[in-house]
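**Student:** Coordinates only, no sequence provided:
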Ligand code: GLN
């Protein structure tokens, strides 16, 4: 069924952290399950150009797309739900909007006009939204507006939504996500905060078409009627969003509440023409909820206080666990607290360890101690990015006998930089800055563990790092038993290292976690979980 691209905006009211990203992804999943092509975009009202420079404690994980954009972690949810890659165009910040407007102003593109928030900033926002529609690849573009209605920073975005709603008429709707707090003293869900946040939207000229209400309890008919009456929406457009045991349950909850059907109706599309096919999704959920085994894996990192810092890794374990019919429990271990004395205690009872990515020298020695312990005690190990680099440093120090082996990043003065900022990096085209960002090809060497794990010999994986394995040491490592099993074919960079005489010891320079989705769990995570399970 051909029609113009439809635009769906998702705004949030009452409080932050209501899960707009999951609601947007769930709605997208339902539309996709009806056979439509869908993409999701996140507009972030902060002034950073992208979240690349943000400390993970501030904003959780930085998610990297194939085209090398450093983006908001919600894009990870979009990819995990839809199994369709996102790109730079899927995440726009206020910083990026202002940057392009100011660049245009300097070039004289505004022909001497006074450059203002309205219309110049709002036009730029509208262009970024419509751009995804113009690609012709998507029947639906769902745009999530970051922040909460009423924030000063969000105002230009809400104004852009108002204008688009007016311009696009039937091709555009607004879904507003709110919270109905539960008062235990009276035993009721309260609607007033929702009424106020809808009023706030109305003050900006935006009438939401659908309300999605987060609540700890069921919404009675009365509550639905009250919200409909006071917020000018139809009663069927008041959608209940109860807390779910897993984010992956939310598409089913939304289907039960008929969110997709109401959305289609509002966009004048006959919902009866298509039906939701979520059979493989339900199969995944069934496996997720009926594991036959349980394992405990240690995740060693330095941002463990905020689990969102490792969102894609923990979700990759959910996907890999489900396909293995195995519940993966993650024990979060702070690398700074690990010492030679307590390492055995810290890793006690853990059947596998993952050493996480990271930047800077804090917590490095704890990661290296962990890897030594895993190597010597045959504990399955997966090292990602800095985790792989630490595995190389550990091997150089303790097997090759290069006692001062280090990374030039952590110790610029070291005479044995086994992890270095290599000259060869310059042969690679960079998207920006000095980081190797986005998807790069990797050739898997025959007769290696990696070759057993990956279905094909030529793969691409996403990167986000500055430093590389120093190829001057290649021969030493190989002779001592560390295999270099994945190589970037263009620049000869080492992408995967592994140990033969070990049940599972793999370090990867790239970030496999970014590519794990419900439909396609990442082969490295799947193999790691299997190795731990079968130990
Ligand atoms: N800090 C290391 C580098 O830049 C590793 C980065 C990472 O783990 N993403 O090479």
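**Tutor:** Thanks, I have it. Computed from a predicted structure; not experimentally measured.
**Student:** tally of neighbours for residue 104?
**Tutor:** 14 (other CB atoms under 10 Å). Any C-beta I mention is one placed from the backbone N, CA and C, and that applies to glycine too.
**Student:** which stretch of helix or strand covers it?
**Tutor:** helix 94-107 (DSSP states H and E).
**Student:** Report the buried residues of that helix.
**Tutor:** 94, 96-98, 101 (16 or more other CB atoms under 10 Å).
**Student:** Which other helices and strands does that helix contact?
**Tutor:** helix 122-134 (3 or more CB pairs under 8 Å, 6 or more residues apart in numbering; DSSP states H and E).
**Student:** Can you name every helix or strand that the helix it packs on contacts?
**Tutor:** strand 38-44, helix 94-107, strand 140-145, helix 155-168.
**Student:** thinking again about what came up before, can you give the contact residues for the helix holding residue 104?
**Tutor:** 44-50, 110, 115, 120-121, 124-125, 128, 153, 156 (CB atoms under 8 Å, 6 or more residues apart in numbering).
**Student:** Show me which residues of this protein sit near the ligand.
**Tutor:** For the chain, the residues in contact with the ligand (CB under 6 Å from any ligand atom) are 357-359, 385-386, 389, 409, 464-467.
**Student:** try 8 Å this time
**Tutor:** 356-360, 384-387, 389, 407, 409, 419, 435, 464-468, 511 (CB under 8 Å from any ligand atom).
**Student:** quick one, phi psi at residue 326?
**Tutor:** phi -140, psi 130 (degrees, to the nearest 10).
**Student:** My guess is it contacts residue 290. True?
**Tutor:** No - look at residue 326 against residue 290 with CB atoms under 8 Å: they stay out of range, at 10.8 Å.
**Student:** okay, now the closest residue to residue 325 other than its chain neighbours: neighbour count?
**Tutor:** In this structure, residue 325 finds its nearest non-sequential neighbour in residue 292, 4.6 Å apart by CB to CB, 6 or more residues apart in numbering. By other CB under 10 Å, 10 other residues sit near residue 292.
**Student:** Backbone dihedrals for residue 292, please?
**Tutor:** Given degrees, to the nearest 10, the pair of backbone angles that residue 292 has is phi -100, psi -20.
**Student:** one step back: looking at the buried residues of helix 94-107, spot the one nearest the ligand.
**Tutor:** Of all those, residue 96 has the smallest distance to the ligand: 22.2 Å, by CB to the nearest ligand atom.
**Student:** Please report the distance of that closest one from residue 43.
**Tutor:** 10 Å (CB to CB, to the nearest Å).
**Student:** in what helix or strand does residue 328 lie?
**Tutor:** Assigned by DSSP H and E, residue 328 falls within strand 326-334.
**Student:** chain center to that strand, what's the gap?
**Tutor:** The chain centroid and the centroid of strand 326-334 are separated by 19 Å under CA atoms, centre = their mean, to the nearest Å.
**Student:** got a list of contacts for that strand?
**Tutor:** Contacts for strand 326-334 (CB under 8 Å, 6+ apart): 291-302, 304-305, 307, 314, 317-318, 320-321, 346-347, 350, 363, 366, 370, 529, 533.
**Student:** so what strands line up beside that strand?
**Tutor:** strand 293-301 (parallel) (DSSP bridges).
**Student:** sorry, back to before: buried subset of the residues of the chain next to the ligand?
**Tutor:** For the residues of the chain next to the ligand, buried by 16+ other CB under 10 Å: 356-358, 384-387, 389, 407, 409, 419, 435, 464-468, 511.
**Student:** Grab the most central residue of the chain for me.
**Tutor:** residue 76 (2.2 Å; CA atoms, centre = their mean).
**Student:** Contacts only, for it.
**Tutor:** Residue 76 touches 61, 63, 311-312, 315, 514, counting by CB under 8 Å, 6+ apart.
**Student:** how near is it to the ligand?
**Tutor:** 15 Å (CB to the nearest ligand atom, to the nearest Å).
**Student:** What helix or strand is that residue located in?
**Tutor:** helix 74-82.
**Student:** pLDDT of that helix, averaged?
**Tutor:** What helix 74-82 shows for mean pLDDT is 97.
**Student:** Which residues are in contact with the nearest residue to residue 527 once chain neighbours are set aside?
**Tutor:** What sits nearest to residue 527 in space, not counting adjacent residues and going by CB to CB, 6+ apart, is residue 453, at 4.4 Å. Residues in contact with residue 453, defined by CB under 8 Å, 6+ apart, are 506, 523-524, 527.
**Student:** Tell me how many other residues surround residue 85.
**Tutor:** 18.
**Student:** Give me the three-state assignment for residue 530.
**Tutor:** Following DSSP: H, G, I helix; E, B strand; the rest coil, residue 530 is assigned to helix.
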